[in-house]
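A.B. asks: mind folding the following:
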Amino acid sequence: MNNAVTALPPSTLDDDLQTYAWHRFLTDLAPSGVLQDSAALPDAASSRPMSATDRKTLQQWIASDFANGSIGCGFGDLLELPLCLRNPGSAAIVWNHWYGSQRQVTRVMDLLLKVRSPETAAFARNAQRSSPAVVLSMLLGNPRLGERLLRQLPPADREQADPARRLAGQLRSLLGEAHGELASQCRDSTAVELAGRIEAHWPCMAWLHDQGAYQPHLVEPLLQLGLLRERLQAGAWSGADRSRAILAASLLLYGLPPRLAALLAIHASPFRECGAQPFHFFGLNGETFAPARPVWEQMDAQVARDTLAYLLCADAGNRSEGPRTALDQVRQLEARLVQHGSLPRTFASLYQHFCAKDAGPRYAQLREAFVRYSAALEIKLEAGALPAQLIGRPLQFERIADHAALQQRLRALVEQEAECIDIPGLLAASQQRLDRLQAMHAQIVTLGQTPSVSGLLKIAELAEAARQEILANRDWFTRSLAETRPYVALWEGFYAGIEKLQRQTTPTSKSEKREQKAAESALGTAITVAGNENEVILQLRQQLHDARHATAQLREELKDARGEQHRLQRMADAVGALPPRVAAPAVDTTLLRRVASARDSLSPSEVLAYFSQLAGSRLMVLDSAWDSAAEYPGQFAATERLFDLLDKLLFPYLDAINSGTPDTQARGIFGSKAYCAKESETTLSDARLRALREFTWRGEKRLFVRHLRVSNQTGLEGMRVYFDIIDGQVVIAYVGPHLPVSTSN
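C.D. replies: As a prediction, the model looks like this:
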């Protein structure tokens, strides 16, 4: 390659900027585009020094990307100029606007040419034959060369010459009020809110944020690039303003880690003008990238993991060496907040894990057992009884605005799923019954192989026993299948609730849809008529969208409020029709003194009365509990134990359950063997034993299976406390002797 500048005709400077002298100084800057030394790495004034390990790792990564052609950031071997700077005429217009005047452009050129380097020496000899804008494009059009030259200027001169220092003013001029709003958002919003705004512009960032790659120093440039992209695609600028916007986008992209710049650029068609060559990212470019699909699904999973590690390594350039400062800790905390701040995605992950690892396998076993059992007994299993697609239906949590309601429904599903039905018990019982039938069948087959009178009599006896067993099993099958209905209803109710939450964010009624269609039609007409008033139109569009969304949400809230009012009225009517409730014993000062001095002298009724006053809205004691506790007229041997268990139930245990702690963990509060979450399947399958555990709550029979073991004695001394958690409140239905079970029946 001939490095002599004089080998090119002097007229080439003005006639064809694309061929002048780039061979000369790109030879010194590694034509392959690989960064050769640490000095070539970005060194923003606000960046903190990188560790030697981080610098070396990042340097190797960037070198590998460019050497292998894995990414393209618009960097050419000969040119790295935005399209607007490649023509001398347009370059003069852009630089004059950027620096304010042609005189200031000339001054910047003079400052840069004073820097001693092979490149500036070559340009200085030819500067008189070229316009200042052309020379400036050559010196600053290559970011790596421009950065090297700017670093050698005194601080005051660098402030005047560096085009990045004028970027904020240019963005303010281009974006108008939106620039001020963006600055306010960056200053006043939380990290989670800012991450959400970034993801609205660049959906590809959502997965990176979820993995902890949120970086506060990238928030503002990412949001600025998002606004520039929107305005460029909407045709908001033309002429010199559009060229300034392209140059601003180029500077912002050059300031990002190269992989991130290439990743964003393939999402935005206007950014194709920001470099001499097309942007591409591991085989994806403006033509091959499918916007309708997540970008991470369009590439190898290892590329996604490497990009995440790459960005975390690049972030090391903004962390201090040595002991972590308070700023470092805040940055790490913000990344964690963002990582866990996208509640819909977090809920979706929890839901998928719960369905795939817990509920799904249990339900598959249950359904398989019933299918096998029905085939063995020649009973038809209705298709809708146990739907094949009951667990894990695809849901769009991101369409739900009420995150608190979503969390509540998910928590209720997880808590009630295991309590709703004893799947292991049903599986064990069905297998035992099938084993008995198979054993009878095997005996009959064996006897039939050696026929005799006694054998025939035995076969007849076994056949009758098998007939009775089959009839009993069919009855058991019918009862057990009925027990699965609440389980199926639980899941169907969950899906219906999620669907309702999704509808709250979108207009559903015909009138709302007509209003929306009319508004959009009017807006389209306004856009056609307005012509160049794009900025005003964007603001009106946003205001219309916000107003329509607020109206839909208020209508849905009003509908829900009316439904809740109707439900409460029906509940009040039902409660009013109930017989008078047994009054709780009065809690006077004498009882309080006895609680403080000698709790073991209290009767169970007095313990209930004490906690009814102490716990307030935490506790509801049903009439059935007062009646059963009244069977203990005097002192009870285990009163101290009863007192301690009720205290744990009403305070630490209830708080744990209401805060979302799984029952499997919260039960540890009671200690070992004091708490039981359910009854055995064999006990509940007996109609008489089940009825003993059904109590009247708000006018309806309700099954209570959770209970506390106060004492292991028999009779009155073997006390049990049956309760449930309903609407965040402890409801005690029974305080009395150990209820009969199947083993004692």
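
A.B. asks: CA atoms for contacts and neighbours, from now on please.
C.D. replies: Will do.

A.B. asks: walk me through the domains of this structure.
C.D. replies: 83-318, 344-505, 536-577, 589-737 (the TED database).

A.B. asks: and those domains, which one's lowest on average pLDDT?
C.D. replies: Out of those, domain 536-577 stands lowest, with a mean of 60 (criterion: mean pLDDT).

A.B. asks: tell me the buried residues in the helix or strand containing residue 349?
C.D. replies: If you go by DSSP states H and E, residue 349 is part of helix 343-353. Residues of helix 343-353 classed as buried by neighbour count (16 or more other Cα atoms under 10 Å): 343, 344, 345, 347, 348, 351, 352.

A.B. asks: then stretch 725-744?
C.D. replies: Result for stretch 725-744 [16+ other Cα under 10 Å]: buried residues 725, 729, 730, 731, 732, 733, 734, 735, 736, 737, 738, 741.

A.B. asks: does the last one touch residue 685 like I think?
C.D. replies: No - contact criterion Cα atoms under 8 Å: residue 741 and residue 685 do not qualify, at 10.7 Å.

A.B. asks: show me what contacts residue 354?
C.D. replies: Contact partners of residue 354, counting by Cα atoms under 8 Å, 6 or more residues apart in numbering, are 360, 414.

A.B. asks: do you know how far it is from residue 293?
C.D. replies: Separation of residue 354 from residue 293 (Cα to Cα, to the nearest Å): 26 Å.

A.B. asks: please apply the same query to residue 659.
C.D. replies: Relative to residue 293, and taking Cα to Cα, residue 659 is found at 37 Å.

A.B. asks: now do residue 407
C.D. replies: Relative to residue 293, and taking Cα to Cα, residue 407 is found at 27 Å.

A.B. asks: please identify which of the two sits among more neighbours.
C.D. replies: More crowded of residue 407 and residue 293, by other Cα atoms under 10 Å: residue 407, with 15 against 9.

A.B. asks: list phi and psi for that one.
C.D. replies: phi -60, psi -40 (degrees, to the nearest 10).

A.B. asks: follow-up on the earlier one: and the buried residues of stretch 725-744 as JSON lines, adding secondary structure and distance to residue 618?
C.D. replies: Shown next, in JSON lines, are the buried residues of stretch 725-744 (DSSP: H, G, I helix; E, B strand; the rest coil; distance: Cα to Cα, whole Å):
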{"residue": "725", "secondary structure": "strand", "distance to residue 618": "10"}
{"residue": "729", "secondary structure": "strand", "distance to residue 618": "5"}
{"residue": "730", "secondary structure": "strand", "distance to residue 618": "6"}
{"residue": "731", "secondary structure": "strand", "distance to residue 618": "9"}
{"residue": "732", "secondary structure": "strand", "distance to residue 618": "11"}
{"residue": "733", "secondary structure": "strand", "distance to residue 618": "14"}
{"residue": "734", "secondary structure": "strand", "distance to residue 618": "17"}
{"residue": "735", "secondary structure": "strand", "distance to residue 618": "17"}
{"residue": "736", "secondary structure": "strand", "distance to residue 618": "21"}
{"residue": "737", "secondary structure": "strand", "distance to residue 618": "24"}
{"residue": "738", "secondary structure": "coil", "distance to residue 618": "25"}
{"residue": "741", "secondary structure": "coil", "distance to residue 618": "30"}
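
A.B. asks: same list (the domains of the chain) but as JSON lines, adding distance to residue 71.
C.D. replies: As requested, these are exported to JSON lines (distance: least, Cα to Cα, whole Å):
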{"stretch": "domain 83-318", "distance to residue 71": "5"}
{"stretch": "domain 344-505", "distance to residue 71": "29"}
{"stretch": "domain 536-577", "distance to residue 71": "34"}
{"stretch": "domain 589-737", "distance to residue 71": "46"}
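
A.B. asks: any idea which helix or strand carries residue 292?
C.D. replies: Short version: residue 292 belongs to no helix or strand, going by DSSP H and E.

A.B. asks: ok, it to residue 267 distance?
C.D. replies: Distance of residue 292 to residue 267, given as Cα to Cα: 11 Å.

A.B. asks: more crowded one of these two?
C.D. replies: residue 267 (23 against 6).

A.B. asks: what are the ranges of the strands in the chain?
C.D. replies: Under the criterion DSSP state E, strands of the chain are mapped to 71-73, 279-281, 619-621, 675-676, 694-697, 700-703, 706-709, 719-726, 729-737.

A.B. asks: I'd like these as CSV, with distance to residue 165 appended.
C.D. replies: Formatted as CSV, these follow (distance: least, Cα to Cα, whole Å):
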stretch, distance to residue 165
strand 71-73, 22
strand 279-281, 25
strand 619-621, 65
strand 675-676, 68
strand 694-697, 72
strand 700-703, 72
strand 706-709, 68
strand 719-726, 62
strand 729-737, 61
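
A.B. asks: of all the buried residues of stretch 725-744, which comes closest to residue 157?
C.D. replies: For the buried residues of stretch 725-744, the residue nearest residue 157 by Cα to Cα is residue 729; the value is 70.9 Å.

A.B. asks: which residues touch the closest one?
C.D. replies: Contacts for residue 729 (Cα under 8 Å, 6+ apart) come out as 617, 618, 619, 620, 654.

A.B. asks: mind doing that once more with 10 Å?
C.D. replies: For residue 729, the contact set (Cα atoms under 10 Å, 6 or more residues apart in numbering) comprises 616, 617, 618, 619, 620, 650, 654, 655, 658.
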